[in-house]
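Chemist: predicted coordinates and the sequence they were generated for:
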Amino acid sequence: MQIRPTTADDRDVFVDTLFAAFARFPDSAGETWSALELDRGLFATAEDGRPVGTAAAYSFELTLPGEVVVPVSGVTAVGVLPTHRRRGALSAMMRRQFADFRARGEILSVLLASEALIYRRFGYGPATYTHRLTVRRHQAAFAVPRADEGSMELLRRADCGELLEEVYDRYRRARPGALSRPHRWWAAEAGQAPISGAPR
């Protein structure tokens, strides 16, 4: 199985191949994928050079305890066409990704996995868990009531992008385990409702 990096000209083919691997069909590779870092993408290719698998990564910073910030890679868009599974495509892409991560000086890679067992064999494991709690409103209150000061203003998303980016950046630098959100994500309207049919 041959592995090659993607280029800026590969966006449509990359998205088509990824969606086909998940048995889905995109309308286009437009705004939903505008923040994809194609210099960090990979294709697994068949003997005829046709892409049969995809993998990519985003560049992040991760906050560690003590407000230490380190560069990490965010694994994304990993898929292999059903016609080419169990032939080593995924393993070859993961090996190549790890080599690329080391070359970039990224000491960790992170991902959200719907099928965690697949990634366990490559060394990934749970770093955090999510819990959801429901509290009855009449039994809830702020731990420390705020004095009557300040004001609130309701803004449209289009009018407060810079403010959202600034507030989130202050939050993530002080919160262990939080990831940065690169400016290109905010420019691509991060924080909006996800586009239907787009894998996240």
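Modeler: Perfect, I can see it now.
Chemist: how long is stretch 96-111 from one end to the other?
Modeler: One end of stretch 96-111 sits 16 Å from the other (C-alpha to C-alpha, to the nearest Å).
Chemist: tell me what the closest residue to Pro5 other than its chain neighbours is bridged to.
Modeler: Spatial nearest neighbour of Pro5, excluding adjacent residues (C-beta to C-beta, 6 or more residues apart in numbering): Leu42 at 6.1 Å. All C-beta atoms are positioned from the backbone trio N, CA, C, and that covers glycine. For Leu42, the beta-bridge partners are Pro5, Ala55 (DSSP bridges).
Chemist: Leu42 contacts Gln2, doesn't it?
Modeler: No: the pair Leu42 / Gln2 is not scored as a contact, 10.5 Å apart, by C-beta atoms under 8 Å.
Chemist: for burial, what's the neighbour tally of the residue nearest to Pro5?
Modeler: 24 (other C-beta atoms under 10 Å).
Chemist: would you map the helices across this structure?
Modeler: Counting by DSSP state H, the chain has helices at residues 11-21, 89-104, 116-120, 161-174, 183-187.
Chemist: most neighbours per residue, which of the ones you listed?
Modeler: helix 11-21 (a mean of 20; mean count of other C-beta atoms under 10 Å).
Chemist: just want the angle from it to helix 89-104.
Modeler: Relative orientation of helix 11-21 and helix 89-104, computed by axes from the mean of the first three to the mean of the last three C-alpha atoms, to 10 degrees: 130 degrees.
Chemist: pull the CA atoms of helix 11-21 into CSV?
Modeler: Listed next in CSV are the C-alpha coordinates belonging to helix 11-21 (Å, rounded to 0.1, in the frame of the first residue of the first chain):
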residue,chain,number,x,y,z
ARG,A,11,-9.5,18.8,-1.5
ASP,A,12,-12.4,17.5,-3.6
VAL,A,13,-10.9,14.0,-4.1
PHE,A,14,-10.0,13.8,-0.4
VAL,A,15,-13.5,14.7,0.7
ASP,A,16,-15.1,12.3,-1.9
THR,A,17,-12.9,9.5,-0.8
LEU,A,18,-13.5,10.1,2.9
PHE,A,19,-17.3,10.2,2.5
ALA,A,20,-17.3,7.1,0.3
ALA,A,21,-15.4,5.3,3.1
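Chemist: and it, what does it pack onto?
Modeler: strand 51-64, strand 68-80 (3 or more C-beta pairs under 8 Å, 6 or more residues apart in numbering; DSSP states H and E).
Chemist: possible to save these as JSON lines with mean pLDDT?
Modeler: JSON lines is the format used below for those (pLDDT from 0 to 100):
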{"stretch": "strand 51-64", "mean pLDDT": "96"}
{"stretch": "strand 68-80", "mean pLDDT": "95"}
